[in-house]
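**Q** here is a sequence together with a model predicted from it:
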Amino acid sequence: MMAYQEAPRPPMSDELAVQCARAMHVITPQGRILSAGLATLFVLERIGWRRLATVLARRPFIWIVETGYRLVARNRGLLSRLF
């Protein structure tokens, strides 16, 4: 895991850097790029929460995860001051 600003080029591109500034991204060992809620679920699975990640990846839960991710990402400045 590393900050997108430190990622090697390639796989980091200018377009991907712009997207990474807005949401977390994960490049899987298979080369798949996941972002936002799906990237969060990938990390959740990798740290030992496989069942929870599997359930949350299904509809309608994935919609809730993605919406929640967007809300937190948009308000991270405010949330960091509160917590």
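**A** Perfect, thanks for sending it. Numbering: from 1, shown residues only.

**Q** can we go C-alpha only for contacts and neighbour counts from here?
**A** Fine.

**Q** residue 49: neighbour count?
**A** Using other C-alpha atoms under 10 Å, the number of residues around residue 49 comes to 13.

**Q** let me fix that, I meant to ask about residue 68.
**A** Residue 68 has 14 nearby residues by other C-alpha under 10 Å.

**Q** just residue 65 next, same as before
**A** 20.

**Q** which residue is the nearest non-sequential neighbour of it?
**A** residue 37 (5.6 Å; C-alpha to C-alpha, 6 or more residues apart in numbering).

**Q** in which helix or strand would I find that neighbour?
**A** helix 36-46 (DSSP states H and E).

**Q** list the buried ones in whichever strand or helix holds residue 79?
**A** Element membership for residue 79, per DSSP H and E: helix 76-82. Within helix 76-82, no residue is scored as buried using 16 or more other C-alpha atoms under 10 Å.

**Q** tell me how far it lies from the chain's centre.
**A** Offset of helix 76-82 from its chain centre (C-alpha atoms, centre = their mean, to the nearest Å): 18 Å.

**Q** ok, the nearest residue to residue 27 once chain neighbours are set aside - contacts?
**A** Leaving aside its sequence neighbours, residue 27 sits nearest to residue 33 (C-alpha to C-alpha, 6+ apart; 4.6 Å). Going by C-alpha atoms under 8 Å, 6 or more residues apart in numbering, residue 33 touches 25-27.
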